[in-house]
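Q: kindly return the folded structure for what I paste below:
(one chain, ligands or ions: 2)
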Amino acid sequence: MGQTEQALEVLKKVFGYGSFRKGQQEIIEAVTSGRDALGIMPTGAGKSLCYQIPAILSGGTAIIISPLISLMKDQVDALVQNGVSAASINSAVDWETASDIFREVRQGRVSLLYVAPERLEGEGFAEFLRSIDIGLVVVDEAHCVSQWGHDFRPSYLNIAPVIASLPKRPTVAAFTATATPEVRDDIISQLALREPFTLTTGFDRENLFFHVEHPADKNAALIQYVRQFPDVSGIVYASTRKNVESICERLRGHGINAVRYHAGLSDEERRRNQESFIYDRASIMVATNAFGMGIDKSNVRYVIHYNMPSNLDAYYQEAGRAGRDGLPADCILFYGSRDIMTARFFIAQSPEETRPAAYRKLQAMVDYCHTNNCLRGYILSYFGESGVPEKCSACGNCTNEIERVDITVEAQKILSC
Ligand code: ADP
Ligand code: MG
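A: Ligands and ions are numbered 1, 2, ... in the order given. Predicted structure coming up:
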């Protein structure tokens with residue numbers, strides 16, 4: 001059987017899907033044939049399969065570097081359920097379980113080992129990696145390695161040295177939804193990818209409706225919007241913990257079932273609130289940008305930004321959590337000039353050498369809020385996409401939004417039958 005047929009068979013037998021999505025097959029073929037790869041695909045495009053299938057097809061153990069424990073757990077559980085041998089090593093795994101996992105890996109019985117980047121800091125763990133047969137290293141959420149990205153994690157800088165210290169260099173594949181050219185180049189150099197097969201699928205998400213509002217009263221605008229769609233799932237992003245708390249309280253005061261999420265809450269409350277939202281017990285998640293990475297909730301019908309984020313990379317990633325099921329969804333940004341001050345404040349806290357780029361990105365974000373041109377076109381051009389049409393049929397600047405609201409109602413009907 002050829003590589004392509006094998007990959008298709010795994011797709012069907014293990015994952016139960018009939019065909020590949022855009023870009024998946026090309027990446028899988030490159031990685032399976034031992035070529036480094038960089039996959040740049042929007043949130044929800046299906047990046048996980050692009051490395052899970054090569055990992056299953058390859059002989060040894062594939063190491064998957066992934067930044068979030070909850071994300072690792074979901075993926076490992078899903079793989080194990082599908083009969084694939086997978087495990088994860090992170091701070092939530094106790095010593096005894098970890099040593100069982102190490103033994104299984106040594107015996108060649110684990111196809112995918114998910115690892116938190118912080119684990120690579122320990123010499124003991126690096127030594128363990130040098131003692132086993134690794135054919136493939138995958139770096140998920142690879143933009144975390146770049147200081148130009150919006151979610152730099154210093155622990156990602158350990159990845160390249162650890163790879164370089166392995167007795168035999170494995171194939172290295174990196175994945176991200178962030179597409180700016182500087183981040184892409186930085187990923188290639190920071191991870192020392194060797195002539196990677198680079199695949200960028202189009203960044204357009206046709207089912208998303210983009211809109212910027214300049215409300216005089218953001219609270220009133222929020223309540224008004226949310227009341228239109230009482231029983232659907234939505235995310236409201238705010239820039240500070242304080243805003244999250246007060247918005248959540250206000251919504252609840254209006255009888256709306258909202259929960260909150262930010263880094264200042266206990267692990268227990270965050271977990272509970274996240275689950276309420278994911279299992280549709282709470283309709284609205286009010287959160288800072290701490291919420292969302294790796295969350296695979298397909299039926300989010302709207303993402304409202306109560307505050308403008310400091311760049312479009314972050315905005316598009318957060319807004320992109322709407323409509324992963326392909327049905328119409330709204331991405332609405334409430335702009336207020338005070339948001340610029342908050343964004344500047346955050347940038348002033350960041351390392352000095354990253355600030356000039358951060359201010360440029362902030363300017364592009366502010367321009368998005370003020371443009372009268374097509375919003376979708378603006379975003380796609382920002383991400384370097386070529387041949388972007390001047391007008392789309394689904395953004396606040398190209399259409400009459402009242403019309404669009406009706407479409408969302410239609411989508412609700414589709415969902416509820
Ligand atoms: P990403 O990491 O790119 O944001 P995921 O890998 O989490 O996206 O995949 C998003 C969703 O798409 C998952 O529910 C996944 O099972 C589904 N999916 C991926 N590939 C396919 C496919 N070829 N056919 C059908 N569904 C797919
Ligand atoms: Mg992913």
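
Q: can you tell me the SS state at the residue of the stretch 201-350 of the chain found nearest ligand 1?
A: Relative to ligand 1, the nearest point of the stretch 201-350 of the chain is Asp296 (5.0 Å; Cβ to the nearest ligand atom). Any C-beta I mention is one placed from the backbone N, CA and C, and that applies to glycine too. Under the three-state scheme (DSSP: H, G, I helix; E, B strand; the rest coil), Asp296 adopts coil.

Q: same question, Leu136
A: Assigned with three-state DSSP, Leu136 falls in the strand class.

Q: and for Gly59?
A: Gly59 - assigned by three-state DSSP - is coil.

Q: do the same with the one 3 residues further on
A: Classification of Ala62 into helix, strand or coil gives strand, according to three-state DSSP.

Q: and it, what does it touch?
A: For Ala62, the contact set (Cβ atoms under 8 Å, 6 or more residues apart in numbering) comprises Tyr51, Pro54, Ala55, Ser111, Leu112, Leu113, Ile134, Gly135, Leu136, Val137, Val138.

Q: relative to Val31, how far out is the last one?
A: So that's Val138. Note on Val138: its distance to Val31, by Cβ to Cβ, to the nearest Å, is 8 Å.

Q: shared neighbours of these two, anything?
A: Contact criterion Cβ under 8 Å, 6+ apart; residues shared by Val138 and Val31: Tyr51, Ala173.

Q: who wins for neighbours among the contacts of Ala62?
A: Most neighbours among the contacts of Ala62, by other Cβ atoms under 10 Å: Val138, with 29 neighbours.

Q: next one, pLDDT for it please.
A: On the pLDDT scale, Val138 is placed at 98.

Q: ok, it touching Leu49?
A: No. Counting by Cβ atoms under 8 Å, Val138 does not reach Leu49; the two are 11.7 Å apart.

Q: got the residues of the protein near ligand 1?
A: Proximity of the chain to ligand 1 (Cβ under 6 Å from any ligand atom) is limited to residues 17, 20-21, 24, 41, 43-49, 296.

Q: circling back to that earlier point, verify the stated contact: the residue of the stretch 201-350 of the chain closest to ligand 1 with Gln75.
A: No. Using Cβ under 8 Å, Asp296 makes no contact with Gln75, being 9.3 Å away.

Q: more crowded one of those two?
A: Neighbour count, other Cβ under 10 Å: between Asp296 and Gln75, Gln75 has more, with 21 against 14.

Q: residue contacts, the more buried one?
A: By Cβ under 8 Å, 6+ apart, Gln75 lies in contact with Ser48, Gln52, Ile64, Ser66, Ala86, Tyr114.

Q: run through this structure and note the low-pLDDT ranges.
A: Counting by pLDDT under 70, the chain has low-confidence residues at 400-417.

Q: centre-most residue in it?
A: Nearest residue to the geometric centre of the chain (Cα atoms, centre = their mean): Met293, 4.6 Å.

Q: against Leu11, how distant is that residue?
A: As for Met293, its distance to Leu11 is 25 Å (criterion: Cβ to Cβ).

Q: and Arg184, by the same measure?
A: On the measure of Cβ to Cβ, Arg184 and Leu11 end up 27 Å apart.

Q: kindly report the same for Ile53.
A: 7 Å.

Q: which one's more surrounded, those two?
A: The residue with more neighbours, out of Ile53 and Leu11, is Ile53; 25 against 20, by other Cβ under 10 Å.

Q: surely that one is within a helix?
A: Yes. Assessed by three-state DSSP, Ile53 belongs to a helix.

Q: returning to that earlier point: so who does the residue of the stretch 201-350 of the chain closest to ligand 1 touch?
A: Asp74, Arg324.

Q: and if we set it to 7 Å?
A: Asp74 (Cβ atoms under 7 Å, 6 or more residues apart in numbering).
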